[in-house]
Each structure stands twice: as C-alpha cells, then as structure tokens.
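Enquirer: Provided below are the primary sequence and the corresponding predicted coordinates.
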Amino acid sequence: MARILTYNVHRCVGTDRRLDVGRIADVIAALEPDIVALQELDVGRMRTNGVDQAHEIARRLEMAFHFHPAMKVEEELYGDAILTRHPERKIKSAALPGHARVSQLEPRGALWVAVNLDGREVQVFNTHLGLVPREQQNQAAALVGPGWLGHPDRQGPTILLGDFNVTSASSVYRTLSGALRPARKHAAKHSPSAGFPSVMPVLRIDHLFVSEHVRVLDVFAPYDRITRVASDHLPLVMDFELI
C-alpha cells in the first residue's frame with residue numbers, strides 16, 4: 001500500500017492567524033505519506049518572513065521536492081510543490097491558461113513529477129485552479145489536453161490531485177472525470193472527505209483523480225485538533241495500490 005495527500009496549506013497561516021511552517025510539517029508527518037502535493041506555498045515573500053516554505057517543509061520531512069511558482073512578484077514566489085522520499089524526476093511545470101477577458105486573475109499552474117514506487121513509476125500531477133468558472137473550464141481543458149494528461153509521455157499509473165475550487169457537481173469536475181476516474185467514487189471505503197473550510201468542513205473542493213492502474217483503498221480528510229487550525233483546508237489523503 002502507498003499513501004498520497006494533497007494539502008492547500010494557505011501559506012502556512014492557520015485559522016488562528018498564526019504563521020507556523022512547522023505545524024504544517026507536523027500534520028503531514030503524522031500521516032506518513034509517500035507523496036505530498038501542496039498548494040499555496042510562499043517562497044521568499046515578505047508577508048511570511050521570507051521563508052522558503054517548500055524547502056523548509058521538505059527539509060523537516062526529509063523529502064526531495066519540486067516547486068512551481070505560479071506567481072512571481074520580483075524575487076517573491078507563490079505556488080505549488082510535490083514532495084517525496086522515493087526516487088523521482090520532474091517532467092514538467094508550466095502556467096495554465098486564465099480568462100482573456102479578466103486580466104487581473106491570479107496566475108495558476110501545474111506540476112508533473114514521476115515518482116518511482118517499488119520499481120513502478122507513478123505520474124503525479126499537482127494543480128490549483130482559479131476561482132472564475134470560465135477560467136476553471138479553460139484550465140481543466142488544458143489539463144486533459146496534449147500538454148498534460150494527453151501527453152504521449154503520460155503512461156501507466158497516473159494521479160491528478162490538488163485544489164480545484166469546484167465541487168463534483170461542476171462541469172470542470174466532469175471534464176476531469178472524462179480523463180481519469182474520481183478517486184472518491186472508486187474507493188473501497190467511504191470515509192469522511194469534506195475538507196473546506198477546515199474548522200467545519202462541508203465542501204469537497206480538493207480532489208484526486210486516478211487512472212485504471214490505481215486501486216483506491218480509501219480517501220479521507222483527517223479532522224482533529226491540529227488539522228482544523230493549521231490551514232483553512234484539511235489535508236485530503238488517499239491510500240492506494242498499483243495494479
């Protein structure tokens with residue numbers, strides 16, 4: 001069995017308004033994942049004391065990492081990362097399209113890393129979609145297109161995960177479900193998996209999608225004293241086997 005999680009860490013600022021990178025690392029460490037996908041990381045930003053959050057979390061977890069800055073403001077970066085202690089190789093990181101009519105939208109991106117689990121490579125795609133429906137639709141179309149999931153190098157076990165800012169009732173979710181299987185629907189167990197807002201989770205906007213090579217054992221959002229304050233999202237965890 002292997003474990004992967006996706007976690008929007010809200011620049012490591014909790015619902016108690018405390019900036020605490022170590023607390024985020026502790027939440028992840030307690031879950032003992034093989035692969036970690038993080039969103040909303042600050043790197044060298046004044047608002048979070050100039051810390052390279054991707055590097056610091058990876059250091060505390062003793063994992064290698066790849067970071068994609070979706071947004072750059074001079075020397076300050078903000079974006080997403082994939083961490084693992086298994087052999088890995090970065091394949092691609094790039095921006096996703098926005099909405100041409102709304103130029104002020106926050107830039108979004110995706111990161112693709114291949115992780116070797118016991119001799120088999122798993123293609124892991126981490127992303128954080130925008131907030132405007134047309135923007136989200138453009139980004140979902142790009143993800144299922146030839147640059148990402150439709151790329152000829154995307155072979156074998158595949159996991160797409162992240163903060164999609166949509167529920168399963170959306171057209172964006174249906175677009176992504178046409179390319180990969182929604183992990184929750186195919187899980188052997190049906191554990192609580194709503195993750196937003198963390199204080200009282202009622203929405204499922206963080207998702208995992210998997211190829212037919214991945215058997216989903218469980219998908220759950222751990223809710224406890226620490227996870228409900230460490231970020232405005234709960235981590236979303238998937239236990240799986242490769243088939």
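Expert: All right, it came through fine.
Enquirer: Quick check: buried residues in stretch 12-20?
Expert: Neighbour-count burial for stretch 12-20, with 16 or more other Cβ atoms under 10 Å as criterion, is recorded at 12-14, 19. For glycine as for every other residue, the C-beta is placed from the backbone atoms N, C-alpha and C.
Enquirer: Remind me what the strand or helix carrying residue 237 packs against, helices and strands.
Expert: Using DSSP states H and E, residue 237 maps to strand 236-242. The contact analysis (3 or more Cβ pairs under 8 Å, 6 or more residues apart in numbering; DSSP states H and E) places strand 236-242 against strand 2-8, strand 158-163, strand 206-210, strand 214-220.
Enquirer: Minimum distance to residue 196: which of those has it?
Expert: Each of these has some distance to residue 196 by Cβ to Cβ; the shortest is strand 206-210, at 7.0 Å.
Enquirer: tell me, what residue is most central in the chain?
Expert: With distances taken as Cα atoms, centre = their mean, the residue of the chain nearest its centroid is residue 162 (2.9 Å).
Enquirer: Do a quick rundown of the helices in the chain.
Expert: Assigned by DSSP state H, the chain shows helices spanning 21-31, 53-61, 133-144, 171-177, 227-230.
Enquirer: Buried residues of the second one, list them for me.
Expert: This points to helix 53-61. Those buried within helix 53-61 under the rule 16+ other Cβ under 10 Å are 53-54, 56-58, 61.
Enquirer: other SSEs contacting that helix?
Expert: Secondary-structure packing of helix 53-61 (3+ Cβ pairs under 8 Å, 6+ apart): helix 21-31, strand 35-43, strand 64-73, strand 76-84.
Enquirer: Nice, that's everything, thank you.
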